[in-house]
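Student: sharing a model that was predicted from the sequence below.
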Amino acid sequence: MSGGPGSEPRGIGVLVVEDEEIAASAHAAFVERVPGFRLVGVARSCADARRILRREPADLLLLDMHLPDGHGLDLLAQLRLDGHLSDAIAVTSVRELEVVRRAVSQGVVLYLLKPFTFAGLRAKLEQYADYRSRLRTTSTDVVQGEIDQLLGALRTADGGAGLPKGMSPETLGLVTERLRSAGAAMSASEVAEECGVSRVTARRYLEHLEETRVVERRPRYGGGGRPEVEYRWLSR
């Protein structure tokens, strides 16, 4: 993407807006691994985001919904009032339909649910880069077909983009919701029983969540024999 025909001269500037330290660092690292993108900064709150954008504008926000001093969509509305026209990709665990509807109405161009892999975020960023490239090469007065192509660049039919082979978004969502709502660490056996899957399957999805840095893995001591491994949700 970088350096190709119609590419951004300096790369697409991205501001990560995420209050959780581990997730913020991971998202920033992911952005820096995708050609054609550059990291403008990392904001841990609404106030941080507005302060950074006063210093350097960003083309794109990776926007969490839950921030310590306000909602992500309220921040987006305030940025519009401040004159910032940055696009936004929602990067969040929020699944409520009303929030998704509001996000679309406020100009959020893509919506990525946590947890996700590097490949999942990369796919969204590449979709956005394709959209930007089409904008630059489209004439000022567009016809219907050009509009359809522009909007089509922001759509994908692959609901499981970025997941390892053999894993389904439905099962990942089931395991994610069970562990996140538990309020305590769970073993693979406990998750398997709650979700109605095999222990091997549960462990595979739990290890995937650990790899995406939203789950912590640690030994569980107690009883005889070897300690059992348990998993604890880190992100909201």
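Tutor: Ah, there it is. Residues are numbered from 1 along each chain as shown.

Student: measure stretch 211-231 end to end?
Tutor: End-to-end distance for stretch 211-231: 12 Å, by Cα to Cα, to the nearest Å.

Student: what of stretch 81-95?
Tutor: 26 Å.

Student: which residues touch stretch 70-80?
Tutor: Contacts to stretch 70-80, defined as Cβ atoms under 8 Å, 6 or more residues apart in numbering, come from residues 17, 45-46, 49-50, 53, 61, 63-67, 86, 88, 90, 92, 99, 102-103, 106-108. C-betas here are computed from N, CA, C, even on glycine.

Student: which of those fall in strands?
Tutor: Counted as lying in strands by DSSP state E, out of those, are 17, 61, 63, 66-67, 88, 90, 92, 108.

Student: in contact with the residue positioned nearest the centre of the chain, which residues?
Tutor: Residue closest to the average C-alpha location in the chain (Cα atoms, centre = their mean): residue 91, at 3.3 Å. By Cβ under 8 Å, 6+ apart, the residues touching residue 91 are 18, 27, 62-64, 112, 114, 116, 121.

Student: how does this structure divide into domains?
Tutor: 12-152, 169-233 (automatic domain parsing).

Student: and the ones you listed as JSON lines, adding mean pLDDT?
Tutor: Converted to JSON lines, these look like this (pLDDT from 0 to 100):
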{"stretch": "domain 12-152", "mean pLDDT": "87"}
{"stretch": "domain 169-233", "mean pLDDT": "85"}
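
Student: show me where this protein has helices.
Tutor: Using DSSP state H, the helices of the chain run over 21-33, 46-55, 72-81, 97-105, 118-137, 144-152, 169-182, 188-195, 199-211.

Student: of the ones you listed, which is nearest residue 222?
Tutor: Closest approach to residue 222 among those is made by helix 188-195 (13.7 Å; Cβ to Cβ).

Student: what lies in contact with that closest one?
Tutor: 171, 174-175, 178-179, 186, 198-199, 201-203, 205-206, 228-229, 231.

Student: what angle do that helix and helix 169-182 make?
Tutor: Helix 188-195 runs at 110 degrees relative to helix 169-182, counting by axes from the mean of the first three to the mean of the last three Cα atoms, to 10 degrees.

Student: coming back round to it: so which two of the contacts of residue 91 are the farthest from each other?
Tutor: Greatest spacing in these, by Cβ to Cβ: 63 and 116 (14.2 Å).

Student: so these two - more neighbours on which side?
Tutor: Legend: neighbour count by other Cβ atoms under 10 Å for residue 63 and residue 116, higher for residue 63 (27 against 21).

Student: wait, what's in contact with residue 25?
Tutor: residue 42.

Student: measure residue 43 to residue 102 for me?
Tutor: 20 Å (Cβ to Cβ, to the nearest Å).

Student: so for those two, which sits in the more crowded spot?
Tutor: residue 43 (26 against 17).

Student: just to check, the more buried one is in contact with residue 54?
Tutor: No: with contact defined as Cβ atoms under 8 Å, residue 43 does not count as touching residue 54 (11.6 Å).

Student: can you add distance to residue 217 and give the helices of the chain back as a markdown table?
Tutor: Shown next, in a markdown table, are the helices of the chain (distance: least, Cβ to Cβ, whole Å):
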| stretch | distance to residue 217 |
| --- | --- |
| helix 21-33 | 13 |
| helix 46-55 | 30 |
| helix 72-81 | 29 |
| helix 97-105 | 30 |
| helix 118-137 | 19 |
| helix 144-152 | 40 |
| helix 169-182 | 12 |
| helix 188-195 | 10 |
| helix 199-211 | 5 |
